[in-house]
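Asker: Let me see the structure of the following:
(one chain, ligands or ions: 2)
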Amino acid sequence: MTPANTAPLMLFNSLTRSLEPFEPVHPGEARVYSCGPTVYNYAHLGNMRAYVFADTLGRVLSFKGYALKHIINITDVGHLTDDGDDGEDKLEKAAAAQAQSIWDIARHYTQAFWDDIKALNIRQPAEWSIATDYVPKMIEFAKSIADKHCYELPSGLYFDVSTVEDYGALARAATEAGEGRIEAVEGKRNAQDFAIWRKTPPGETRQMEWDSLWGPGAPGWHLECSVMSEALLGFPFDIHTGGIDHREIHHPNEIAQNQAFACSHGSGARFWMHNNFLIDRSGKMSKSSGEFLRLPLLVSKGIHPLAYRLMCLQAHYRSEMEFSWDNLLAALTRLKRLVMAVATLRSGAEPAARVEHPRLVQLLADFAGSVSDDLNTAKALTVLDEVLAQKKIDAGQRLAAIAAMDAVLGLDLPSLDRADLRLRPAAVSIDEGDIEDKLTQRKQARANKDFAASDAIRDELTALGVEVMDGDPLGWEWRIEV
Ligand code: AMP
Ligand code: ZN
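Answerer: Ligands and ions are numbered 1, 2, ... in the order given. Below you'll find the model as predicted:
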């Protein structure tokens, strides 16, 4: 940690709904668990916001000098189509609809998710824990809490939420959430009780099922995160993350299980942190819509995935973020500006080994202060702009400061080039070289004051989906219309 990086790390803890200083359970270490995707379909941009957030948190913890152990799970079993217990298993349903083996479905969507993770420059966690690898441990966990906290019904083993103290404290509105839920399971003692083991109905076979004390079946979705976080990080660990929807049901249920397992009031993690949602009013984040809003769609339109990462960093993770193509294109423009500025510095210097210039040391401290303030990346980005604006300071010094900041922001500024950002959209039938040739012809026509010819070339490009940007201060002369 640089001497300037001494601001205490303050994080918003959903448990207390307040900012708290981060104090690790194990000195010098930070152990983080993030709820992973349910791999029955592609992840949409909203889902990826949850992992950009978790990655940013991990990068900040590393920047603050903690040895990070980050676990993200892959839910390949048990997540039902609603948060109650009467939905279908999302994976079983997808397998039936796509006439494929459930294992193939899980493998396919896990790989697609990992591709998105890589494209967004999200660092690899210490482990991707795969839920189906932990089923024997889940059965052991369930066995250990069954007598005191669970009861059996024909459909499964249920957790009785009245057996733990303060059930639903994390959600705050637990009663309403409970009342809002569909109470389809006969015999449940409390509306909020949930299945930790779902028995296969007599006469049916599921593609994924295991033997247990309660008959063949599959674990309930909430069980897996309790079991994997305990197995890999130990209770209590430092931080548990997920999208804000998990604050209402999934995480309160995990906490109830953790309390039962540890025979304590502790929730299993010191901090519970939640990212707010990406909102898309066009409905394209619905997985059933045609032009489904996922990362490869952006790439097919010629937009670099890191523009989306930057768009996330420009907002605070606890604020709702509205998706629009204009916002995304604005982020792309900002990314291009950053990449070009850094590439120019790189062309003339090597990064210095250490940041020594007092102004840059101060800016690094400002940067550290911003990210230590509950991950205020929006402010941190303006400090980065400030470094780039210090034209009088040695380029090597500035490159060193930028590299330190990029280790937190993950925008790949030390290695990206202008050419990397120029993705060729799938829908454009001419290639980049042709576009550049036409623009040269158009410039020539304008130089000759042949405005009819110049307009005709512009129209031709417009028809191909290429927008000509005259007078763009960055020298990006064209872009693809989205
Ligand atoms: P799922 O695959 O549905 O379990 O979701 C994976 C992660 O994405 C979870 O942490 C969710 O809370 C989160 N998530 C789901 N929808 C959104 C959204 N629109 N914006 C941000 N995060 C989301
Ligand atoms: Zn989870």
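Asker: Tell me what Y158 is bridged to.
Answerer: Taking DSSP bridges, one finds Y151, A195 as the beta-bridge partners of Y158.
Asker: For the stretch 51-200 of the chain, which segments are assigned as helices?
Answerer: For the stretch 51-200 of the chain, helices defined by DSSP state H, counting those that start in this stretch occupy the ranges 90-98, 102-119, 135-149, 174-180.
Asker: any chance of these in CSV, with mean neighbour count and distance to ligand 1 too?
Answerer: Glycine gets a C-beta too; all of them are placed from N, C-alpha and C. As requested, those are arranged in CSV below (neighbours: other Cβ atoms under 10 Å; distance: least, Cβ to the nearest ligand atom, whole Å):
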stretch, mean neighbour count, distance to ligand 1
helix 90-98, 19, 9
helix 102-119, 18, 9
helix 135-149, 18, 17
helix 174-180, 15, 15
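Asker: tell me the contacts of the residue nearest to G243 when sequence neighbours are not counted?
Answerer: The shortest distance from G243 to any non-neighbouring residue, by Cβ to Cβ, 6 or more residues apart in numbering, is to A50 (4.7 Å). Neighbouring residues of A50 by Cβ atoms under 8 Å, 6 or more residues apart in numbering: 34-35, 241-243, 275.
Asker: Same list (the helices of the stretch 51-200 of the chain) but as a markdown table, adding mean pLDDT and distance to E165.
Answerer: As requested, these are arranged in a markdown table below (pLDDT from 0 to 100; distance: least, Cβ to Cβ, whole Å):
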| stretch | mean pLDDT | distance to E165 |
| --- | --- | --- |
| helix 90-98 | 72 | 32 |
| helix 102-119 | 93 | 36 |
| helix 135-149 | 98 | 12 |
| helix 174-180 | 45 | 13 |
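Asker: Could you check those and tell me which one is nearest L19?
Answerer: Closest approach to L19 among these (Cβ to Cβ): helix 174-180, 23.1 Å.
Asker: rewinding a little: out of the helices of the stretch 51-200 of the chain, which gets nearest to ligand 2?
Answerer: The closest of the helices of the stretch 51-200 of the chain to ligand 2 is helix 135-149. By Cβ to the ion, the value is 12.7 Å.
Asker: related to what we said a few turns ago, need the pLDDT of the residue nearest to G243.
Answerer: Reading off the confidence values, A50 has pLDDT 98.
Asker: looking at this, it is in a strand?
Answerer: No - A50 is assigned helix when assessed by DSSP: H, G, I helix; E, B strand; the rest coil, not a strand.
Asker: State the distance from E152 to ligand 2.
Answerer: Per Cβ to the ion, to the nearest Å, E152 is found 24 Å from ligand 2.
Asker: heads up, I number from 155, so please use that
Answerer: Okay, using 155 as the starting number, the last item reads as E306.
Asker: what residues are up against that residue?
Answerer: 312, 368 are the contacts of E306 under Cβ under 8 Å, 6+ apart.
Asker: switch to 10 Å and redo it
Answerer: E306 makes contact with 300, 312, 341, 351, 353, 367-369 under the criterion Cβ atoms under 10 Å, 6 or more residues apart in numbering.
Asker: measure K291 to E378 for me?
Answerer: 9 Å (Cβ to Cβ, to the nearest Å).
Asker: ok so, going back, which two from the contacts of A204 end up farthest apart in space?
Answerer: Spatial extent of the contacts of A204 (Cβ to Cβ) is set by the pair C189 and N429 at 10.9 Å.
Asker: quick one: which of those two has more around it?
Answerer: Remark: of C189 and N429, N429 carries more neighbours, 28 against 22, as counted by other Cβ atoms under 10 Å.
Asker: backbone phi and psi for that one, please?
Answerer: Note on N429: its backbone torsions stand at phi -90, psi 150 [degrees, to the nearest 10].
Asker: Let's have the contacts of E306 in TSV, adding distance to ligand 2.
Answerer: Converted to TSV, the contacts of E306 look like this (distance: Cβ to the ion, whole Å):
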residue	distance to ligand 2
A300	21
Y312	19
G341	26
W351	17
K353	22
L367	24
W368	22
G369	25
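Asker: Pick the one among those residues closest to A285.
Answerer: Checking these against A285 by Cβ to Cβ gives W351 as the nearest, at 13.9 Å.
Asker: dump the residue contacts of the closest one.
Answerer: By Cβ under 10 Å, 6+ apart, W351 lies in contact with 232, 292-293, 296-297, 300, 304, 306, 309-313, 364, 366-369, 371-374, 377.
Asker: Which strand residues bridge the residue in the stretch 305-454 of the chain positioned nearest to ligand 1?
Answerer: Among the residues of the stretch 305-454 of the chain, G397 lies closest to ligand 1, at 2.0 Å counting by Cβ to the nearest ligand atom. Applying DSSP bridges to G397 gives these bridge partners: N429.
Asker: My guess is it contacts N429. True?
Answerer: Yes - assessed by Cβ atoms under 10 Å, G397 is found in contact with N429 at 5.7 Å.
Asker: hey, what's in contact with both of these two?
Answerer: Residues touching both G397 and N429 (Cβ under 10 Å, 6+ apart) are 188, 200, 203-205, 207.
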